[in-house]
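[1] here are the coordinates; sequence isn't available:
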């Protein structure tokens with residue numbers, strides 16, 4: 001298996017995360033900001049320290065080492081126990097100083113000098129220095145480690161040059177000018193050199209910090225430390241007594257003394273526990289059906305329902321556009337045509353789709369960037385009218401015969417996807433298309449997509465950052481997340497080549513206005529060819545217990561737990 005194939009497997013597996021959209025931030029990197037925490041809007045008094053909460057996950061972690069594990073639960077362990085040089089605030093969509101308290105950039109935007117916070121120690125009391133930063137970068141780039149984060153930490157296809165200038169200062173140089181700047185550092189948790197250097201030198205880093213590692217052997221810079229892990233049951237985290245972050249008035253964070261994460265396989269079980277007072281924070285945002293079920297509990301005061309807003313990314317419907325995928329198939333003349341996709345976009349009533357799939361809690365979307373992504377949305381995105389008659393005419397113009405048939409691949413057990421695909425099937429029947437919805441288990445779906453053995457698919461992609469540079473694996477033709485034709489050796493079409501050129505130019509630009517102009521052109525080209533059809537972005541709600549007194553809910557893989565040090569309970 002080539003390294004390139006490994007990249008594809010990791011990226012496409014992201015489709016099978018729990019359906020949440022991961023959102024980071026828009027463009028902008030302030031050089032300095034306060035490290036303190038402030039109470040949520042509307043809160044009358046500062047939260048008090050102490051107490052504990054219970055959260056949930058769907059599955060056990062694959063590892064306690066985030067550099068080698070891409071699963072959702074391993075990421076949560078990292079969020080709770082580790083820290084990064086900078087953080088993308090999921091509520092403000094801005095880059096914030098974190099372990100690095102400030103930074104400066106050279107004139108061409110290729111080299112940054114970061115000043116680290118003084119007095120910071122790991123959870124075991126060992127001081128944090130620039131050596132830990134250099135070590136972590138060495139680990140993520142080591143070929144023997146084969147890190148799942150390596151691709152996210154490259155610029156222009158090359159690793160960064162990281163040098164410790166002194167114990168509190170680090171120089172980081174990019175291979176080329178890079179528009180997002182230091183926001184790329186939000187991808188990488190900083191790990192302890194004193195704990196893991198022997199494993200890296202021995203070539204065994206990929207096997208370090210497995211789930212059988214005693215919690216006492218772990219160390220981190222995050223707000224919590226792992227106290228106990230019971231496979232198949234729970235993880236227990238205690239507050240890190242050496243945590244470096246404080247509130248604006250100097251009080252120690254985190255607020256909580258303990259955070260227990262229970263393994264709960266589905267949302268129905270979560271809701272029952274939440275309603276019974278046995279759970280405080282759910283694994284993800286609520287499905288539309290679940291929201292309706294929880295409204296009465298909220299009216300009775302047993303829980304709180306929090307409106308996060310419309311998701312930044314819509315669910316996706318696309319066709320297999322790999323050249324030659326349908327050679328010898330009588331449908332080859334029309335199955336990969338732009339006109340087919342345009343006709344489908346017109347044949348689906350988005351208002352009815354929203355009512356049927358999301359129970360009305362969604363917003364119509366017509367392009368790859370939702371209006372919720374205010375910094376990057378192209379305001380010129382054309383709306384697509386519901387026009388079955390025009391759709392029929394367009395199908396006839398490319399020789400699609402009446403009753404023409406294709407299949408749509410969905411993941412079994414995901415009601416939103418299954419319901420969405422069924423609605424599309426019923427709408428397309430009205431314009432003479434016969435659609436077979438094929439629901440398969442997650443691994444079977446991945447294999448079909450990787451091998452391009454499918455007609456069409458309907459899923460929710462996982463986005464790690466709203467800045468388009470950090471979505472190049474989707475927009476670039478060589479990208480492993482280029483859904484309709486992944487990891488191309490060279491662009492299969494002229495319009496994909498044009499998007500490649502635009503994305504490369506806006507990645508290298510450090511001018512915000514120019515980057516926006518170039519990405520508008522990317523969106524215009526994308527809409528003209530519509531390789532992915534979008535119908536609606538759902539409205540997001542989270543449910544938490546009435547005990548929660550402070551939190552910062554956001555559109556994220558972990559809507560509440562993304563900022564664990566600022567969660568507080570009523571005492």
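    Ah, there it is. Values in this document were obtained by computation on a predicted structure and should not be read as measured data. Numbering: from 1, shown residues only.

[2] how deep is residue 236 tucked in, by neighbour count?
    20 (other Cβ atoms under 10 Å). Any C-beta I mention is one placed from the backbone N, CA and C, and that applies to glycine too.

[3] correction: residue 222
    25.

[4] Contacts for stretch 401-411 next, please.
    With contacts defined as Cβ atoms under 8 Å, 6 or more residues apart in numbering, stretch 401-411 is touched by 15-16, 317, 319, 331, 334-335, 395, 417-418, 420-421, 424-425, 432-442, 445, 448-449, 454-459.

[5] Just the ones of these in helices?
    When these are checked against helices (DSSP state H), the matches are 395, 417-418, 420-421, 424-425, 442, 445, 448-449.

[6] Between all of the residues you listed, which two are separated the most?
    Using Cβ to Cβ, the two most remote members of these are 395 and 442, lying 32.4 Å apart.

[7] who has more neighbours, the two?
    Between residue 395 and residue 442, counting by other Cβ under 10 Å, residue 395 is the more crowded of the two (25 against 15).

[8] show me what contacts the more buried one?
    Residue 395 sits in contact with 334, 339-340, 343, 404, 431-433, where contact means Cβ under 8 Å, 6+ apart.

[9] what separates it from residue 403, distance-wise?
    11 Å (Cβ to Cβ, to the nearest Å).

[10] try residue 142
    56 Å.

[11] of the two, who's got more company?
    Ranked by neighbour count (other Cβ under 10 Å), residue 142 and residue 403 place residue 142 first, with 16 against 9.

[12] Just to check, residue 142 is in contact with residue 202?
    No. Residue 142 lies out of contact with residue 202 (Cβ atoms under 8 Å); the separation is 11.5 Å.

[13] ok, of the contacts of stretch 401-411, which come out buried?
    With burial judged by 16 or more other Cβ atoms under 10 Å, the buried subset of the contacts of stretch 401-411 is 15-16, 317, 319, 334-335, 395, 417-418, 420-421, 424-425, 432-433, 435, 437-439, 445, 448-449, 454-459.

[14] any chance you could map the helices in the stretch 51-200 of the chain?
    72-81, 130-141, 193-202 (DSSP state H, counting those that start in this stretch).

[15] Quick one: closest of the ones you listed to residue 542.
    Minimum separation from residue 542 across the helices of the stretch 51-200 of the chain (Cβ to Cβ) falls at helix 72-81, 15.2 Å.

[16] and the nearest residue in space to residue 562 that is not next to it in sequence, how many residues sit next to it?
    Excluding its sequence neighbours, the residue lying closest to residue 562 (Cβ to Cβ, 6 or more residues apart in numbering) is residue 556, at 4.5 Å. Residues lying near residue 556 (other Cβ under 10 Å) number 24.

[17] backbone phi and psi for residue 556, please?
    phi -150, psi 170 (degrees, to the nearest 10).

[18] Go ahead and confirm it touches residue 91.
    No. Taking contacts as Cβ under 8 Å, residue 556 lies outside contact range of residue 91: 9.2 Å.

[19] one step back: which one, of the helices of the stretch 51-200 of the chain, ends up nearest to residue 355?
    With Cβ to Cβ as the criterion, residue 355 lies closest to helix 72-81 of these, at 30.0 Å.

[20] Output the contacting helices and strands for that closest one.
    Under the contact criterion of 3 or more Cβ pairs under 8 Å, 6 or more residues apart in numbering; DSSP states H and E, helix 72-81 touches strand 52-57, strand 224-230, strand 234-239.

[21] which parts of stretch 412-419 are buried?
    Of all the residues in stretch 412-419, those buried under the rule 16+ other Cβ under 10 Å are 414, 416-419.

[22] So in terms of bridging, what pairs with residue 161?
    Per DSSP bridges, the residues bridged to residue 161 are residue 173.

[23] give the contact list for it.
    171-173.

[24] For those, which PyMOL command selects only the ones that are buried?
    The buried residues among these can be selected in PyMOL (16+ other Cβ under 10 Å) with this line:
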select buried, resi 171+172
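
[25] Let me know how buried residue 333 is, in neighbour terms.
    Applying other Cβ under 10 Å, we find 12 residues neighbouring residue 333.

[26] What's the end-to-end length of stretch 555-569?
    Stretch 555-569 has an end-to-end distance of 21 Å (criterion: Cα to Cα, to the nearest Å).

[27] what's the closest of the buried residues of stretch 412-419 to residue 500?
    Nearest member of the buried residues of stretch 412-419 to residue 500, counting by Cβ to Cβ, is residue 417, at 29.6 Å.

[28] Name whatever forms a beta bridge with the nearest residue to that closest one once chain neighbours are set aside.
    Leaving out its chain neighbours, the residue that sits closest to residue 417 by Cβ to Cβ, 6+ apart is residue 410, at 4.6 Å. With DSSP bridges as the criterion, residue 410 is bridged to residue 439.

[29] Beyond the helix or strand containing residue 544, next helix or strand please.
    Assigned by DSSP states H and E, residue 544 belongs to strand 536-545. Downstream of strand 536-545, the first helix or strand assigned by DSSP H and E is strand 548-550.

[30] Any stretches of this protein with poor pLDDT?
    The chain contains residues with pLDDT under 70 at 1-45, 462-464.

[31] again, 50 this time
    1-44 (pLDDT under 50).

[32] Return the list of helices and strands in contact with whichever helix in it runs longest.
    Counting by DSSP H, the longest helix found in the chain is helix 512-529. In this structure, helix 512-529 makes packing contacts with helix 338-347, helix 494-508, judged by 3+ Cβ pairs under 8 Å, 6+ apart.

[33] gap between that helix and the chain center?
    22 Å (Cα atoms, centre = their mean, to the nearest Å).

[34] angle of that helix against helix 338-347?
    90 degrees (axes from the mean of the first three to the mean of the last three Cα atoms, to 10 degrees).

[35] sorry, back to before: can you put the buried residues of stretch 412-419 in CSV and add distance to residue 562?
    Output for the buried residues of stretch 412-419, formatted as CSV (distance: Cβ to Cβ, whole Å):
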residue, distance to residue 562
414, 23
416, 22
417, 24
418, 28
419, 28
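
[36] Could you work out the most separated pair of those?
    414 and 419, at 9.0 Å, using Cβ to Cβ across those.

[37] tell me the domain boundaries of the chain?
    The chain breaks down by automatic domain parsing into domains covering 3-309+540-569, 316-538.

[38] Next SSE downstream of the longest helix of the chain?
    strand 532-534.

[39] what does that next one contact?
    Contact partners of strand 532-534, identified using Cβ under 8 Å, 6+ apart, comprise 314-318, 341, 344-345, 365-368, 483-484, 526.

[40] Identify those among those that sit within strands.
    Among the contacts of strand 532-534, the residues falling in strands (DSSP state E) are 316-318.

[41] Show the contacting residues for the residue nearest to residue 427 when sequence neighbours are not counted.
    Once flanking residues are discounted, residue 427 sits nearest to residue 348: 4.6 Å by Cβ to Cβ, 6+ apart. Counting by Cβ under 8 Å, 6+ apart, residue 348 touches 386, 423-424, 427-428, 535.

[42] if we go to 6 Å?
    With contact set as Cβ atoms under 6 Å, 6 or more residues apart in numbering, residue 348 has these partners: 424, 427, 535.

[43] quick revisit: any idea which of the buried residues of stretch 412-419 is closest to residue 472?
    Closest to residue 472, out of all of the buried residues of stretch 412-419 and judged by Cβ to Cβ, is residue 417, at 25.5 Å.
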